[in-house]
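Asker: Sequence and computational prediction follow.
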Amino acid sequence: MCANCITNVDVVGGTLLAAAAAARGSIRQLLAKAGVAMPTTEQRDFRVVRFLRDLDLDPVAILGAETVARADAAPAFQATRLAAVMRSHTRSAIA
């Protein structure tokens with residue numbers, strides 16, 4: 001696009017998206033400390049345990065009892081709720 005076609009809204013939106021992409025890791029860490037989202041390792045463990053159970057495999061035999069217990073204790077509803085909120089905001093921003 002040429003400079004004449006770019007509006008101030010485009011510039012501000014692009015700047016905000018670039019800043020959010022750059023700060024994504026630190027934002028996730030802040031949300032995890034606040035108890036709103038799971039830490040990254042817990043998210044991974046939760047997804048892997050759920051995936052293995054969907055495949056009818058025993059996650060305890062593959063990952064170990066401690067990892068499975070940690071994943072089962074994770075507050076999955078908060079991560080799912082946060083993801084749903086983020087998706088709805090993203091869809092409304094795009095539309």
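Answerer: Nice, I can see it.

Asker: Quick check: Val49 vs Asp72, distance?
Answerer: 7 Å (C-beta to C-beta, to the nearest Å). C-beta here means a position set from N, CA and C on the backbone, and glycine is covered the same way.

Asker: With neighbour numbers in mind, choose between those two.
Answerer: Between Val49 and Asp72, counting by other C-beta atoms under 10 Å, Val49 is the more crowded of the two (21 against 13).

Asker: contacting residues around the more buried one?
Answerer: Pro59, Leu63, Thr67, Val68, Ala71, Asp72 (C-beta atoms under 8 Å, 6 or more residues apart in numbering).

Asker: ok, and the most crowded of these?
Answerer: These, ranked by neighbours (other C-beta under 10 Å): first place Ala71, 23 neighbours.

Asker: so what's that residue up against?
Answerer: Glu42, Asp45, Phe46, Val48, Val49, Arg50, Pro59.

Asker: In TSV: the residues you listed, plus pLDDT and distance to Thr7.
Answerer: Below are those laid out as TSV (pLDDT from 0 to 100; distance: C-beta to C-beta, whole Å):
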residue	pLDDT	distance to Thr7
Glu42	77	42
Asp45	85	44
Phe46	84	42
Val48	88	44
Val49	89	47
Arg50	86	44
Pro59	91	51
